[in-house]
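J.: Structure for this input, please:
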Amino acid sequence: MLRKVFGSSVFGIEATTITVEVNIGQGIGYHLVGLPDNAIKESNYRIASALQFNGFKIPGKKITINMAPADMRKEGSAYDLTLAIGILTASEQIKATGLEEYIIMGELSLDGTLQPIKGALPIAIKAKEEGFKGFILPDENAKEAAIVAGINVFGVKDIKEVIAFFDEEIPLEQTIVDIKEEFSKALDFPEFDFADVKGQESIKRSMEIAAAGGHNIILIGPPGSGKTMLAKRLPSILPPMTLHEALETTKIHSVTGRTINSGIMNYRPFRSPHHTISDVALVGGGAYPQPGEISMAHNGVLFLDELPEFKRSVLEVMRQPLEDREVTISRAKFTVTYPSSFMLVASMNPSPGGYFNDPNAPVTSTPAEMQRYLSKISGPLLDRIDIHIEVTPVPFEKLSEERKGERSTVIRERVTKARELQTQRFEALPNIHYNAQMNTKQIREYCKLEVSSLELLKKAMERLNLSARAYDRILKVARTIADLENETSINGNHISEAIQYRSLDREGWLG
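T.: Purely as a prediction, here's the structure:
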């Protein structure tokens with residue numbers, strides 16, 4: 001008897017419906033076709049044990065299973081439940097009423113309990129688009145899939161529940177998630193708060209500007225000056241995610257198999273990879289491409305601590321994603337594109353010993369050592385970082401102060417207002433949401449300067465020998481400073497402050 005069961009395959013961050021055709025006829029043998037990988041080929045052992053444990057069996061006949069479309073590679077153990085239900089229905093061990101209305105996915109343990117799967121959210125989105133009535137999957141992934149409205153999601157603990165449901169013995173309990181409630185849980189008490197930072201007012205100001213315009217930022221300072229402490233607090237002042245951003249970010253984390261307890265990510269991701277990371281782990285890739293750290297940081301912050309310690313090849317592969325805000329991974333037979341719109345926050349010591357032009361420093365470096373150290377970061381990469389800021393050690397008087405600094409929630413209010421101005425400004429542009437995303441055409445339109453401001457910028461360009469890209473960065477940052485002050489036009493003060501945030505372009509840094 002031939003029966004069809006429906007599963008799904010995730011490719012990139014999109015899902016494709018897979019039709020599992022099970023035919024049981026005369027003869028003996030077990031044949032699984034349709035380009036399955038080893039994990040799927042091994043599924044017959046897990047299925048046989050799970051069925052036997054629950055009072056069923058694989059029939060001693062010829063079983064042919066085709067996973068269509070047959071020319072698409074299928075991978076992973078998430079098809080165990082799909083195949084098991086197909087075998088039970090084709091052998092008429094269960095009734096399976098309304099089987100064609102459901103997507104069924106799950107990895108089986110030997111006793112029939114279900115293990116979580118990857119990509120539950122994109123699968124649920126695709127199932128809804130294709131008009132399926134419901135999605136049956138492991139209980140751990142149910143909340144994640146249930147944020148998709150318009151499809152019934154049933155989280156199950158073991159295969160026994162699924163069999164009882166299709167035999168019309170026990171109904172399954174639908175998982176319902178109140179998206180608004182989960183999404184509106186405000187981060188009023190962040191784990192890392194700017195109120196804990198002593199002193200460093202100028203650095204807090206530059207971080208506020210970076211957050212308001214979505215600008216990349218690099219912090220340069222000796223050990224113990226607070227670079228990492230400041231970077232970890234940046235997400236606490238970023239505006240809350242929109243529902244669209246939250247869904248997009250959740251999809252990426254879902255594909256990697258990360259379980260989200262609330263079903264939807266209601267906070268901006270903060271990723272901090274170690275400096276030994278490979279270029280594939282950073283941007284994504286592999287034989288069957290997976291998202292890298294830059295995609296995991298989508299709509300959030302990517303923090304690269306001790307930037308010159310990263311391999312140069314790793315840093316260079318980030319250049320294109322920083323500009324395009326997406327990364328395309330090409331293989332001989334297919335191409336995958338992952339979104340990677342993140343804020344880059346980098347930190348570095350000014351020299352190999354950690355101290356720069358300090359006669360009292362415990363460790364000093366020769367000019368040649370410093371040049372070698374700083375040359376690990378290429379000019380093109382630095383050009384893509386809008387704000388360069390020097391971080392100086394905090395004096396004892398500031399450290400011993402009892403007075404608390406400004407809270408992150410207060411700073412976030414100012415940042416959110418500035419972002420709202422930018423949202424209104426770029427309303428007609430679908431791919432531009434904040435100042436850092438502006439291209440040359442938009443910069444010319446929205447960053448017009450008065451004659452005096454233009455003259456000031458011209459002198460700075462000539463004196464610091466800045467590139468055309470650095471010119472654009474200064475204008476973008478100046479536009480953000482004006483937005484924070486609710487000014488419609490950019491004036492000389494905004495330009496002057498923006499120029500201060502190009503420390504590494506100044507004489508004495510990169511030779």
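J.: only C-alpha atoms for contact and neighbour calcs from this point on.
T.: Noted.
J.: dump the residue contacts of the residue nearest to the spatial centre of the chain.
T.: Nearest to the mean C-alpha position of the chain, by CA atoms, centre = their mean, lies residue 296 at 2.6 Å. Applying CA atoms under 8 Å, 6 or more residues apart in numbering, we find residue 296 in contact with 249, 252-253, 269, 271, 340.
J.: Phi first, then psi, for it.
T.: Torsion angles at residue 296 (phi, psi; degrees, to the nearest 10) stand at phi -60, psi -30.
J.: Also residue 7?
T.: Main-chain dihedrals, residue 7, degrees, to the nearest 10: phi -130, psi -160.
J.: I'd like to know the beta-bridge partner residues of it.
T.: residue 18 (DSSP bridges).
J.: quick one: low-confidence parts of the stretch 201-350 of the chain?
T.: Applying pLDDT under 70 to the stretch 201-350 of the chain flags the ranges 259, 261-262.
J.: Strands along that one, start to end?
T.: Counting by DSSP state E, counting those that start in this stretch, residue ranges of the strands within the stretch 201-350 of the chain are 217-220, 270-271, 284-285, 290-291, 301-304, 326-330, 335-339, 343-348.
J.: Now tabulate these in a markdown table and tack on distance to residue 195 and mean neighbour count.
T.: As requested, those are arranged in a markdown table below (distance: least, CA to CA, whole Å; neighbours: other CA atoms under 10 Å):
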| stretch | distance to residue 195 | mean neighbour count |
| --- | --- | --- |
| strand 217-220 | 19 | 27 |
| strand 270-271 | 19 | 20 |
| strand 284-285 | 36 | 20 |
| strand 290-291 | 34 | 25 |
| strand 301-304 | 20 | 25 |
| strand 326-330 | 34 | 18 |
| strand 335-339 | 33 | 19 |
| strand 343-348 | 20 | 24 |
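J.: Of these, give the one that comes closest to residue 211.
T.: Closest approach to residue 211 among the strands of the stretch 201-350 of the chain (CA to CA): strand 343-348, 8.4 Å.
J.: re earlier: closest to residue 110 out of the strands of the stretch 201-350 of the chain?
T.: Shortest distance between residue 110 and the strands of the stretch 201-350 of the chain, using CA to CA, is found for strand 290-291: 28.0 Å.
J.: Residues in contact with that closest one: which ones?
T.: Identification of contacts with strand 290-291 by CA under 8 Å, 6+ apart yields 12, 252, 255-256, 283-285, 338.
J.: Going by the annotation, which residue ranges form each domain of this protein?
T.: The record's domain parsing of the chain by automatic domain parsing lists 2-177, 194-505.
J.: beta partners of residue 271?
T.: residue 302.
J.: So it is in contact with residue 292, correct?
T.: No. Between residue 271 and residue 292 there is no contact under CA atoms under 8 Å: 10.5 Å.
J.: Quick check: neighbours shared by the two?
T.: Counting by CA under 8 Å, 6+ apart, residue 271 and residue 292 have no common neighbour.
J.: State the distance from residue 35 to residue 128.
T.: Remark: distance between residue 35 and residue 128 (CA to CA, to the nearest Å) = 26 Å.
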